[in-house]
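**Q** could you look at this predicted model? Sequence included:
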Amino acid sequence: MLALRDIQFRYPASDFQLAVKHLEVRAGEPLAILGPSGGGKTTILRLMTGLLSPDHGSVSCGDTQFSQLTATERRRFRLEKIGLVFQDFALLDYLTVEENILLPSQFQPDDPTLRERANGLAEQLEIAPHWHRLTGRLSQGERQRVAIARALVHRPAFVFADEPTASLDVRRRGVVMDLLLNYAREQQACLVVVTHDPELMPLFAQQLRVEDLTAA
Ligand SMILES: Nc1ncnc2c1ncn2[C@@H]1O[C@H](COP(=O)(O)OP(=O)(O)OP(=O)(O)O)[C@@H](O)[C@H]1O
């Protein structure tokens, strides 16, 4: 379970602030984060993943509370337990699709099934034909799907995706959402998705509107 308690956050030298009294995301009960541009969706995702630290309150992923970890321990926790799809994908564009998908899992204990799983995800996400191409030479939609494969390949217990369908056509939006939701259900993972897409709302057990957080 992901839990946020009594969170207050403000960027240094900025008026923007967030407050979250209490929020829980359980396995199998995916959360959608909604709100206007600049409303704080990415900020709350960064708080949930330990990339930002709140000024007050606690964020826990399972038994792990980020504030009790050193910076190195947080990085390791993210590598092992979290799958993160960034809004700008955060790919290394001088590497191939294969290298981008498998890179984060290089730092984990040897898992002989990883390559097979990476191949399977590439097939499902329809990026297998690009396997040996540099991601810098792919379209935005193709790059977005590489980022999704990379986020899921190591079977993380927590998955966070920032507008993971923003660059995709309608059919592939469906493919990606099915993949994320099925993954969360089958692996009993916690899933949080930032989205602007109202059509996706019925797919989520919970919804969080950032407008409700900034007023506090
Ligand atoms: N590093 C930063 N320092 C100061 N202010 C920031 C920083 N990053 C974001 N902000 C501000 O915080 C607010 C929330 O930004 P955030 O990126 O969380 O919004 P968002 O809802 O994800 O927006 P979008 O839908 O456009 O991606 C914005 O007003 C933004 O300008």
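**A** Cool, the structure landed. Computed from a predicted structure; not experimentally measured.
**Q** and the chain, which residues reach the ligand?
**A** Residues of the chain found near the ligand (C-beta under 6 Å from any ligand atom) are 11, 14, 16, 35, 37-43, 87. (Each C-beta comes from the backbone N, C-alpha and C, glycine too.)
**Q** filter the residues you listed to the buried ones?
**A** 35, 39-43, 87 (16 or more other C-beta atoms under 10 Å).
**Q** how about the residues of the chain next to the ligand, which pair is most distant?
**A** 14 and 87 (18.7 Å; C-beta to C-beta).
**Q** just the pLDDT at residue 216, thanks.
**A** According to the prediction, residue 216 has pLDDT 47.
**Q** which one of the buried ones among the residues of the chain next to the ligand is nearest residue 21?
**A** Using C-beta to C-beta, those come closest to residue 21 at residue 40, 15.1 Å.
**Q** quick one on the thing from earlier: among the buried ones among the residues of the chain next to the ligand, which are in strands?
**A** Within these, no residue falls in strands by DSSP state E.
**Q** tally of neighbours for residue 21?
**A** Residue 21 has 12 neighbours, counted by other C-beta atoms under 10 Å.
**Q** export the buried ones among the residues of the chain next to the ligand to JSON lines and tack on pLDDT?
**A** Below are those laid out as JSON lines (pLDDT from 0 to 100):
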{"residue": "35", "pLDDT": "91"}
{"residue": "39", "pLDDT": "91"}
{"residue": "40", "pLDDT": "94"}
{"residue": "41", "pLDDT": "94"}
{"residue": "42", "pLDDT": "95"}
{"residue": "43", "pLDDT": "96"}
{"residue": "87", "pLDDT": "91"}
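**Q** host element of the nearest residue to residue 159 once chain neighbours are set aside?
**A** In this structure, residue 159 finds its nearest non-sequential neighbour in residue 83, 4.4 Å apart by C-beta to C-beta, 6 or more residues apart in numbering. Taking DSSP states H and E as the criterion, residue 83 maps to strand 82-85.
**Q** partners of that strand, with directions?
**A** strand 158-162 (parallel) (DSSP bridges).
**Q** tell me the angle of the lengthiest helix in the chain relative to strand 158-162?
**A** Criterion DSSP state H: the longest helix present in the chain is helix 170-187. Helix 170-187 runs at 160 degrees relative to strand 158-162, counting by axes from the mean of the first three to the mean of the last three C-alpha atoms, to 10 degrees.
**Q** now for helix 170-187, which elements pack on it?
**A** The contact analysis (3 or more C-beta pairs under 8 Å, 6 or more residues apart in numbering; DSSP states H and E) places helix 170-187 against helix 114-124, helix 140-152, strand 158-162, strand 190-194.
**Q** next, format the ones you listed as a markdown table and append mean neighbour count.
**A** Formatted as a markdown table, those follow (neighbours: other C-beta atoms under 10 Å):
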| stretch | mean neighbour count |
| --- | --- |
| helix 114-124 | 17 |
| helix 140-152 | 23 |
| strand 158-162 | 25 |
| strand 190-194 | 25 |
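**Q** and residue 7, which of these is closest to it?
**A** Judging these by C-beta to C-beta, what sits closest to residue 7 is strand 190-194, at 14.4 Å.
**Q** hey, C-alpha coordinates of the closest one in CSV?
**A** Below are the C-alpha coordinates for strand 190-194, written out as CSV (Å, rounded to 0.1, in the frame of the first residue of the first chain):
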residue,chain,number,x,y,z
CYS,A,190,-0.1,-0.2,-6.5
LEU,A,191,-0.8,1.9,-9.7
VAL,A,192,-1.1,5.7,-9.9
VAL,A,193,-1.7,7.3,-13.3
VAL,A,194,-1.8,11.1,-14.0
